[in-house]
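Undergrad: Provided below are the primary sequence and the corresponding predicted coordinates.
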Amino acid sequence: MRVGIIPSDPFGEAIYTQAGGFFKRAGIDVELVSLQNSAAIAAAVTGGAVDIGLANPIVIASAREHGIPHYAFAPSALFDASAPTTLLMVANGSPLHSAKELEGKVIGSVELAGITQAALRAWMTKNGADPGTTRFTEIPFTAMAAALTQGRVDAGFIAEPSLASARATTREIGDPYAAIADMWCLAMWFSTKDWLTQNTALAHRYADSLLKGAAWANTHHLETGLALKPYTPLTDETIAKMTRIRFATSYTPAYLQPVLDTGFKYNILKSPMSASDLMFPGF
């Protein structure tokens with residue numbers, strides 16, 4: 001199986017499941033393919049460059065709205081407001097300190113449509129600001145701190161492990177993801193309807209391996225940090241400092257529905273979608 005991932009801790013479940021030996025024990029040969037963001041992974045799944053991928057729920061739902069038969073079949077990373085791993089940051093010398101002050105500003109994001117836009121709009125609205133005045137530009141997490149300090153963007157979303165090293169030159173201005181809910185599914189495993197129909201048993205074995213890998217990764221931070229090293233420039237100091245993601249060890253629509261509702265409320269999605277409709281039948 002060719003599997004599309006983003007080389008970061010929130011999207012590292014397959015890296016960790018492979019490192020823990022869970023794919024091998026299930027008899028699954030997995031090739032991990034690093035891509036820049038959820039949209040790139042969705043395009044790779046659509047074009048057949050990878051069999052399955054990991055993407056944020058809004059990207060999967062948006063594909064469905066455009067007639068692309070993408071279906072989720074397993075949960076992955078969870079956003080937990082008590083330990084956020086993706087934050088909105090500004091340069092240390094920035095004069096910006098509030099949502100209101102971001103009106104009319106340029107926001108850096110790893111993707112141009114999806115969770116970050118929905119979260120920013122929800123957070124700015126909650127704090128009395130007009131999110132319609134902001135503009136987004138696409139920048140990888142690894143390059144965001146430099147873009148902030150160089151003044152190319154006014155604020156930017158940074159996820160771990162880049163967040164830990166970025167704290168030397170940037171500071172938090174807000175936690176927009178918390179405006180969606182205290183806990184929700186940040187990423188879902190998905191594929192096309194045809195692939196899931198033709199490989200249902202394999203998809204179930206893959207999903208079962210992920211659940212075992214998730215439970216292991218949630219309690220083996222040293223091992224998973226070392227496993228992430230080949231995919232992104234990490235020092236031992238960064239591994240020790242970074243806030244670690246929590247992976248779902250079971251599926252519940254309550255993890256998925258809040259982000260879909262937020263996407264619709266703030267016009268990222270054109271129509272409402274239920275969590276059960278996004279999931280492939282039988283998962």
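TA: Received, thanks.
Undergrad: buried set for stretch 129-148?
TA: Buried residues in stretch 129-148, counted by 16 or more other CB atoms under 10 Å: 129, 131, 134, 136, 139-145, 147-148. (C-beta placed from N, C-alpha, C; glycine too.)
Undergrad: in the stretch 101-250 of the chain, which spans are strands?
TA: Secondary structure of the stretch 101-250 of the chain by DSSP state E, counting those that start in this stretch: the strands cover 106-109, 135-138, 155-159, 170-174, 183-185, 188-192, 246-247.
Undergrad: now, of these, which is deepest in the fold?
TA: Compared across the strands of the stretch 101-250 of the chain, strand 155-159 shows the largest average neighbour count, a mean of 27 (mean count of other CB atoms under 10 Å).
Undergrad: so which of the strands of the stretch 101-250 of the chain gets nearest Y16?
TA: strand 246-247 (8.0 Å; CB to CB).
Undergrad: can you list the helices and strands that the closest one packs against?
TA: Packing contacts for strand 246-247, counted by 3 or more CB pairs under 8 Å, 6 or more residues apart in numbering; DSSP states H and E, involve strand 77-80, helix 200-217.
Undergrad: burial count for H97?
TA: 12 (other CB atoms under 10 Å).
Undergrad: show me the contacts for it.
TA: Contacts for H97 (CB atoms under 8 Å, 6 or more residues apart in numbering) come out as I173.
Undergrad: next one: L96, what pLDDT does it get?
TA: With respect to pLDDT, L96 scores 98.
Undergrad: my read: it touches V90, true?
TA: Yes: taking contacts as CB atoms under 8 Å, L96 lies within contact range of V90: 5.1 Å.
Undergrad: mind listing the shared neighbours of these two?
TA: Common neighbours of L96 and V90 (CB under 8 Å, 6+ apart) are D154, A155, I173.
Undergrad: with respect to L35, which of the residues you listed is nearest?
TA: For those, the nearest to L35 is A155 (24.4 Å; CB to CB).
Undergrad: where in the stretch 151-283 of the chain is pLDDT low?
TA: Applying pLDDT under 70 to the stretch 151-283 of the chain flags no residue at all.
Undergrad: still on that earlier bit, redo the helices and strands packed on strand 246-247 as JSON lines? Include distance to A49 and mean neighbour count.
TA: Compiled in JSON lines, the helices and strands packed on strand 246-247 are given as follows (distance: least, CB to CB, whole Å; neighbours: other CB atoms under 10 Å):
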{"stretch": "strand 77-80", "distance to A49": "23", "mean neighbour count": "22"}
{"stretch": "helix 200-217", "distance to A49": "18", "mean neighbour count": "19"}
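Undergrad: quick one: which of those is nearest A187?
TA: Closest among the helices and strands packed on strand 246-247, using CB to CB: strand 77-80, at 4.7 Å.
Undergrad: give me the average confidence score over that closest one.
TA: On average, strand 77-80 scores 96.
Undergrad: show me what contacts the nearest residue to W216 once chain neighbours are set aside?
TA: Distances taken as CB to CB, 6 or more residues apart in numbering place G20 nearest to W216, at 4.7 Å, with adjacent residues excluded. Neighbour list for G20: K212, G213, W216, A217, H220, E223 [criterion: CB under 8 Å, 6+ apart].
Undergrad: my read: the first one touches T17, true?
TA: Yes: taking CB under 8 Å as the definition, K212 is a contact partner of T17 at 7.4 Å.
Undergrad: quick one: the helices in this protein, in order.
TA: 13-19, 22-25, 38-47, 57-65, 115-126, 141-149, 162-166, 193-198, 200-217, 221-228, 236-241, 253-265, 275-278 (DSSP state H).
Undergrad: between the ones you listed, which one is closest to A181.
TA: helix 253-265 (3.9 Å).
Undergrad: columns distance to E13 on top of the helices and strands packed on strand 246-247, output as a markdown table?
TA: Listed next are the helices and strands packed on strand 246-247 as a markdown table, based on distance: least, CB to CB, whole Å:
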| stretch | distance to E13 |
| --- | --- |
| strand 77-80 | 7 |
| helix 200-217 | 6 |
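Undergrad: quick revisit: okay, the helices of the chain in CSV with distance to E101 next?
TA: As requested, these are exported to CSV (distance: least, CB to CB, whole Å):
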stretch, distance to E101
helix 13-19, 36
helix 22-25, 46
helix 38-47, 28
helix 57-65, 26
helix 115-126, 10
helix 141-149, 15
helix 162-166, 20
helix 193-198, 45
helix 200-217, 37
helix 221-228, 34
helix 236-241, 28
helix 253-265, 23
helix 275-278, 35
